[in-house]
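Student: Predicted model follows, preceded by the sequence.
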Amino acid sequence: MTEIYLRKTWYVAAWSGDLGRQPLRRVFLEEPVVLYRNQNGDPIALQDRCPHRFVPLSLGTLCGDDIQCAYHGLRFDGSGRCTLNPHGDKTIPEALRVGTYRLAERHGIVWIWMGDAALADAAAIPDFSIVGDSSRYAAAGGYTHVKANYQLITDNLLDLSHVEFLHPGLRTEGGHAPRLELKQEGDTVWSMRYRDNVPPNQLLKMFWSDRLGDSRAHMRWDPPSLLMLDVGITGVGRPVEEGVAVPSAHLLTPETARTTHYHWAFLRNARIHDEALTATIKALGNQAFDKEDKPIIEWQQANMGTTDLAALHPVLLQPDAPAARARRVLAQRIAQERTTGVSA
Amino acid sequence: MTEIYLRKTWYVAAWSGDLGRQPLRRVFLEEPVVLYRNQNGDPIALQDRCPHRFVPLSLGTLCGDDIQCAYHGLRFDGSGRCTLNPHGDKTIPEALRVGTYRLAERHGIVWIWMGDAALADAAAIPDFSIVGDSSRYAAAGGYTHVKANYQLITDNLLDLSHVEFLHPGLRTEGGHAPRLELKQEGDTVWSMRYRDNVPPNQLLKMFWSDRLGDSRAHMRWDPPSLLMLDVGITGVGRPVEEGVAVPSAHLLTPETARTTHYHWAFLRNARIHDEALTATIKALGNQAFDKEDKPIIEWQQANMGTTDLAALHPVLLQPDAPAARARRVLAQRIAQERTTGVSA
Amino acid sequence: MTEIYLRKTWYVAAWSGDLGRQPLRRVFLEEPVVLYRNQNGDPIALQDRCPHRFVPLSLGTLCGDDIQCAYHGLRFDGSGRCTLNPHGDKTIPEALRVGTYRLAERHGIVWIWMGDAALADAAAIPDFSIVGDSSRYAAAGGYTHVKANYQLITDNLLDLSHVEFLHPGLRTEGGHAPRLELKQEGDTVWSMRYRDNVPPNQLLKMFWSDRLGDSRAHMRWDPPSLLMLDVGITGVGRPVEEGVAVPSAHLLTPETARTTHYHWAFLRNARIHDEALTATIKALGNQAFDKEDKPIIEWQQANMGTTDLAALHPVLLQPDAPAARARRVLAQRIAQERTTGVSA
């Protein structure tokens, strides 16, 4: 099989709040990884396979900053070096080390770099600053495991026309068809939907009266599969800044070719201390992603048989343009990485 | 793999009574199909895969005679043409169509033709008229899903010697060995068992006293896997017409090479309005097919490892002759279809 | 795949006490076998696949010394010959026979020979006499099914350094590091651990006061995967005979390349009529093997991806020497069997 993943790039490993002193095993791009925080609170990522007998280190326990293998008690520090061999004369063979992954913690998210660590640059992480900006935005986030190729979820997110059919709780009742726009800057692709003079949908209603407004849903995609949705409504003909915004982050990390980690968060810049509202919005996200998107996308994957969408010659409709563009950008990036060893 | 299915032939898709206004997904010969009835009650069969993003149409909803995809709202009519594209300028690309399957509804059964539709001729459906003839026969039917190649079930049905060992509720107590006969007319094969001057078995006893009689069990097979069993008893030396008959239909449709849809029905020409009796006989069928045949045949399939019985060089016994004949006829038909493209 | 099993050798099929007049299906080296006792109590092993239609004979019933197939009533005796064909003229085709396996019953264990029966010699069974010697030893035994290659369990047993980390109930508290010794005689490998002047572990405490003693744990391995552990403690500087011994047998039979039958038994030469103690020790074995070793070894197998440990280049530590030696001996034996057809 040719390489199907972009490697020299940042993926989401976990929500910052989900990582602590309990070792967490996650498979990314088919590689097992153990994640934990050291005593300073810094996140650590090691290959989740002891080099002695290949047991997952995540079954072990933390000893200070190190992780101790459950089977024979070898300890490894955050740099992957063995710090304790309790056996024989206790010498530590040079080969007794595990691979590490470069991490960065930004915006309330632990990011992982799956390629050559020397090339990792946290400045390349796309801007998800509002996710972690709790002074200005409240967040209601979650995690969904999806048995489908990650690009099928990218397709789903870059074509929000499915909302009208699949998500009764999020559709705009009585709204006319939106105006669509596709934009690309560098490798960033936007799928933009505008609807002027419409009633708010159920989500926006929580912050907005029933009166008509100009609404928008602008999905931003960065390779490989990091999406930010700007959803909002403002008075008819009024500037965006006057209205309310309920943006959301959609962060996809391939686990395998047919399974995906999906981290999502709804943000809002209104009623940010209303915790009951946060719970309501989180339930709405669970409903939409776990109960509505996930089964459809898993059926889609199973019914396709393959992960190669193009091989099935899908009929393209107008709203597919942004997803098609994103797939093209990603394919170019993967091809580039493969041939030159360097990703643009 | 060489072709393992006969395609230009009729298979059973569903009992007529099991098909209505709720889309039904079934896989036949490894192809996903969605079945439903239009507003006239006519059965429709479409490829169960939207040509846009390959989600099963069976997850969608019926809108009049059309089915609407759950994901993006495309609608298709019974001819497989798209009738509504709600997106963009709403034009419908020529490629936006799904495959259809020719159906015929006869004898209380929805039949499906899995080959070139132009060649479908309902007159080729074997005679199962008594199954749907409720004025003369009461029916107690069911459906069993079996994790085994369909030909293993054909083998089972064409060699009823297994009844004495596997089905205590159907065996003939105290009966001597039957006389066997094999008959072939065209591609139809009969496996016939006669037992003169024996007590009735438990099924026949429901319509017949305990007195001795001449009993018969004549299994008729038509390609690919459609079987009709004439079971009955009559007075010793008396004509068949004087006795009772409890025929049964056994209709096998391959789902995959290792899984089979098994539709079965017990008919009877006596006490046809006795619904308690119908329930009793249905329970007897469930016991025999779900609890006795199914586990043995599934173990057989698992223990074989392969679906190619001949490769294992089975030892043939006398009662295997009809099944061996039917396998030969079917292999010839499949080979013929493959080489000439035409089935006899 | 090259041959991965030694065939001309004895494996454990079952505890003697687990085999009776109920047919028992077990897969050994990927071959299905049915085991039962004839009316004399002699153990029988046949290929678990009727030569007629390949149903497992183990689904059938015993008729005297024979087993009758559940599907069509064929009967086979302990030599694999068909003794009854109830069909047609009842003649028995020569081909109607099933393969047999040579068995030997020794030490309370039913042993099976998986290669050419002519070469089977019960004298080659390693000495496990104390397992069956109930006048001198009490036994608390069990059976664990492990989803891992059998050699991973051999590795586990030949390197008891894992006890300190994985088995809190068996570790020696406060004990200093043991002295290790590796010994080989012919194809027998010993992994020996000595600890002088230490407190007894939890198991030994049941027979010994809290006072310090000289303890030992000597694991003996014979190909392919038959292990005997001599564990005991004696007064400091005193001869072994004065102390107590709690030996245990660890008998591994590959089911498939990734699954293993694990028969284990704790023996003891003290308080041998104390049944409550036997139950306590059995519970301790269940805890250690089912709850502690099994999950780690299954995770190890899953995390390895392969069954070929060497291909992953494990780092060898000092206590790995005996397991490495045993793997080398076994690989030589398998290679020898493959090239010459004769095992040393």
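Tutor: Structure's in. What do you need?
Student: Thought residue A:83 was touching residue A:66, still the case?
Tutor: Yes. Here residue A:66 reaches residue A:83: they are 5.4 Å apart, a contact under Cβ atoms under 8 Å. Glycine gets a C-beta too; all of them are placed from N, C-alpha and C.
Student: who has more neighbours, those two?
Tutor: When residue A:66 and residue A:83 are compared for neighbours, residue A:66 comes out ahead with 20 against 17, by other Cβ atoms under 10 Å in any protein chain shown.
Student: circling back to that earlier point, common neighbours of residue A:66 and residue A:83, please.
Tutor: By the contact definition Cβ atoms under 8 Å, 6 or more residues apart in numbering or on different chains, residue A:66 and residue A:83 are jointly contacted by A:75-77.
Student: out of the residues you listed, which one sits closest to chain B?
Tutor: Nearest to chain B among the shared contacts of residue A:66 and residue A:83: residue A:76, at 43.3 Å, using Cβ to the nearest Cβ.
Student: Please name the bridge partners of the closest one.
Tutor: Taking DSSP bridges as the rule, residue A:76 bridges to residue A:67, residue A:82.
Student: Tell me how many other residues crowd it.
Tutor: 27.
Student: cool, and the one 4 residues further on?
Tutor: Burial of residue A:80, expressed as a neighbour count using other Cβ under 10 Å, amounts to 17.
Student: Could I get the phi/psi values of the residue lying closest to residue A:47 once chain neighbours are set aside?
Tutor: Nearest residue to residue A:47 in three dimensions, chain neighbours excluded: residue A:99, at 3.8 Å (Cβ to Cβ, 6 or more residues apart in numbering or on different chains). In terms of degrees, to the nearest 10, the main-chain angles of residue A:99 are phi -60, psi 150.
Student: is it true that residue A:99 touches residue A:45?
Tutor: No. Applying Cβ under 8 Å, one finds residue A:99 not in contact with residue A:45, separated by 9.3 Å.
Student: So those two - more neighbours on which side?
Tutor: It is residue A:45, of residue A:99 and residue A:45, that has more neighbours when counted by other Cβ under 10 Å, with 25 against 14.
Student: Which of the helices or strands spans that one?
Tutor: Residue A:45 is part of strand A:43-47, with elements assigned from DSSP states H and E.
Student: just checking, what packs against that strand?
Tutor: Judged by 3 or more Cβ pairs under 8 Å, 6 or more residues apart in numbering or on different chains; DSSP states H and E, the packing partners of strand A:43-47 are strand A:31-37, strand A:102-106.
Student: Pull up the pairing partners for the shortest one, direction included.
Tutor: Sheet partners assigned to strand A:102-106 using DSSP bridges are listed as strand A:109-113 (antiparallel).
Student: could you give me the average pLDDT of the helix ranked longest in chain A?
Tutor: Counting by DSSP state H, the longest helix found in chain A is helix A:321-340. Helix A:321-340 shows a mean pLDDT of 94.
Student: elements contacting that helix?
Tutor: Counting contacts by 3+ Cβ pairs under 8 Å, 6+ apart, helix A:321-340 packs against helix A:150-158, strand A:179-185, strand A:188-198, strand A:213-222.
Student: These: which one's closest to residue C:39?
Tutor: Closest approach to residue C:39 among the helices and strands packed on helix A:321-340 (Cβ to Cβ): helix A:150-158, 62.6 Å.
Student: lowest-pLDDT helix or strand in chain A?
Tutor: The helix or strand of chain A with the poorest confidence is helix A:202-205; it has a mean of 89 (mean pLDDT, DSSP states H and E).
Student: Buried residues, that one. List them.
Tutor: A:203-204 (16 or more other Cβ atoms under 10 Å in any protein chain shown).
Student: ditto for stretch A:239-252
Tutor: Applying a neighbour-count criterion of 16+ other Cβ under 10 Å, one finds A:243-252 buried in stretch A:239-252.
Student: Show me those residues that map onto strands.
Tutor: When these are checked against strands (DSSP state E), the matches are A:244-245, A:248-252.
Student: Now distance to chain B too, for those, in JSON lines please.
Tutor: Shown next, in JSON lines, are these (distance: Cβ to the nearest Cβ, whole Å):
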{"residue": "A:244", "distance to chain B": "27"}
{"residue": "A:245", "distance to chain B": "26"}
{"residue": "A:248", "distance to chain B": "20"}
{"residue": "A:249", "distance to chain B": "23"}
{"residue": "A:250", "distance to chain B": "17"}
{"residue": "A:251", "distance to chain B": "22"}
{"residue": "A:252", "distance to chain B": "17"}
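Student: Going by distance to residue A:19, which of these wins?
Tutor: Within these, the smallest distance to residue A:19 is 14.6 Å, found for residue A:251 (Cβ to Cβ).
Student: what's the burial count for whichever residue of the stretch 101-250 of chain A sits closest to chain C?
Tutor: Across the stretch 101-250 of chain A, no residue is closer to chain C than residue A:101, which sits at 16.8 Å (Cβ to the nearest Cβ). Neighbours of residue A:101 under the rule other Cβ under 10 Å: 23.
Student: what separates it from residue A:13, distance-wise?
Tutor: Using Cβ to Cβ, to the nearest Å, residue A:101 is found at 8 Å from residue A:13.
Student: what sits against the closest residue to chain B within the stretch 51-200 of chain A?
Tutor: Closest approach between the stretch 51-200 of chain A and chain B, counting by Cβ to the nearest Cβ: residue A:165, at 4.4 Å. By Cβ under 8 Å, 6+ apart, the contact list for residue A:165 reads B:68-73.
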